[in-house]
Each structure stands twice: as structure tokens, then as C-alpha cells.
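In: My questions concern the predicted model and sequence given below.
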Amino acid sequence: MHARNYRPVRGQAYTRKKFAKGFPPPKIVKFTMGDTKGTFEVEAKLVASKRAQVRHCALEAARIATNRLLMDKLVNDYLMQIRPYPHIILRENKMIFGAHADRLQQGMRRSFGKAIGTAARIQPGQTIITVKVKANAVDTAKESLKRGGAKLPIPCKITVEKLQSPDATNKSEMGKA
């Protein structure tokens, strides 16, 4: 089957891992990369424009593409996070075509299918990847998210927000007291 067959969101989500025997685990190695204890001034986000199911291998490809540029340019001076988790189990009823295939398959009888992978359901406006960087590395973050978004099966846009520094929030709380 092609990945495009699993892209549209159809029906109820199938997430009960207790009933699915032998499904492959998600290929996503890490959900958080970079400096987790650093302080950053700018947050860039990769935001979905359409509703779709994104397979775990597409999320991993986007993670690798985004992280590679950040590692090359910023070494370890960033924080990248993958937001969605692939919970939905994808199933396939394998059919054999060709001569004498009727002897090997049952057609639609007991067609529940075997688990072949997992996917995450993405809604419009949902954040897929966030990258936090210093103010001088905004262009690098945008370029890395652009490369990561090219690996996803849905159109995405990049938004950039300035983060409030913890020093400013502490000063404003002291002034109120």
C-alpha cells in the first residue's frame, strides 16, 4: 500500500494496542533534542494547514531533516521538540493478485487486517515541531523547519514568536506585590 492511502482521516481512531498483536513501534527515536536547560528568546513553530494522518516514518524524516541543519549551524544551542505522538494503529488486509491468487486469500472474509504501522492525527493549526533558539539564529530555525516540513505529507506554515524572558516575568511579579 502507498502512504497516501492512510493520509485522509476516516472513521474512528484505532488506538487499542491491547487488541493489536505485533504492531511495529513508532520509528521516532527522540521527541526532544538539543539543550533542554538553556534559555532562549525566540520560538519557531511548524504549524499544519490541513487535517490529515501523518505516519510515524514521515515524522521521523521531518525530525532528522530539521535536526541536521540545527546541529550543523548551532551545535547544541537550540531546543527542538516533536509535538504529536503516533497513537493510531494502521492496518492492512493484504491481497495477492495474479494467477492462482484465489487459492491463497479469502477476499473480504475476516478482513480486519494486520497492523503495519502507526500514525498521528493532525488538525489544522496544530503545532508539529517547535524550535527554540537565540535571537540571532532565527533564520537558521526557519530554514530547518522548512526542510522538515518538506518531509511531511501536508502543507505547513512557519510561525515565529518572541518568548518572554524569565527575568522580565519575575520583575513584573515583584512590582505587583
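Out: Yep, that arrived. Note that the coordinates shown come from a computational prediction; the quantities given were computed from them, not determined experimentally.

In: so where do the strands sit in this structure?
Out: 32-34, 42-48, 52-55, 79-82, 88-92, 114-122, 127-133, 156-162 (DSSP state E).

In: As CSV, those strands with mean neighbour count, mean pLDDT and distance to S144 would be great.
Out: C-beta here means a position set from N, CA and C on the backbone, and glycine is covered the same way. Shown next, in CSV, are those (neighbours: other C-beta atoms under 10 Å; pLDDT from 0 to 100; distance: least, C-beta to C-beta, whole Å):
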stretch, mean neighbour count, mean pLDDT, distance to S144
strand 32-34, 17, 92, 11
strand 42-48, 21, 96, 8
strand 52-55, 23, 93, 18
strand 79-82, 22, 95, 8
strand 88-92, 18, 85, 27
strand 114-122, 20, 89, 19
strand 127-133, 24, 96, 7
strand 156-162, 14, 96, 10
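
In: got TSV for those, with distance to A61 too?
Out: Below are the strands of the chain laid out as TSV (distance: least, C-beta to C-beta, whole Å):
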stretch	distance to A61
strand 32-34	15
strand 42-48	13
strand 52-55	10
strand 79-82	12
strand 88-92	17
strand 114-122	13
strand 127-133	12
strand 156-162	14
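
In: quick one, which of these is nearest to K18?
Out: Taking C-beta to C-beta, strand 88-92 is the member of the strands of the chain nearest to K18, at 10.9 Å.

In: ok, now which ones touch the residue nearest the centre of the chain?
Out: Centroid check for the chain by C-alpha atoms, centre = their mean gives L59 as the closest residue, at 4.0 Å. For L59, the contacting residues are 26-28, 82, 84, 86, 120, 128, 152, by C-beta atoms under 8 Å, 6 or more residues apart in numbering.

In: let's go with 6 Å and repeat that
Out: Shown in contact with L59 (C-beta atoms under 6 Å, 6 or more residues apart in numbering): I28.

In: repeat for the one 4 residues further on
Out: Shown in contact with R63 (C-beta under 6 Å, 6+ apart): I82.

In: For it, give its distance to V47.
Out: Distance from R63 to V47, counting by C-beta to C-beta, to the nearest Å: 16 Å.

In: so where's this structure uncertain?
Out: Along the chain, segments meeting pLDDT under 70 span 1, 98-105, 165-177.

In: May I ask you to name the longest helix in it?
Out: Ordering each helix of the chain by length in residues (DSSP state H) puts helix 56-74 first.

In: Just the buried positions in that one, please.
Out: Judged by neighbour count (16 or more other C-beta atoms under 10 Å), helix 56-74 contains these buried residues: 56-63, 65-67, 69-70, 73-74.

In: and what of stretch 5-20?
Out: Neighbour-count burial for stretch 5-20 [16+ other C-beta under 10 Å]: 6-7, 14, 20.
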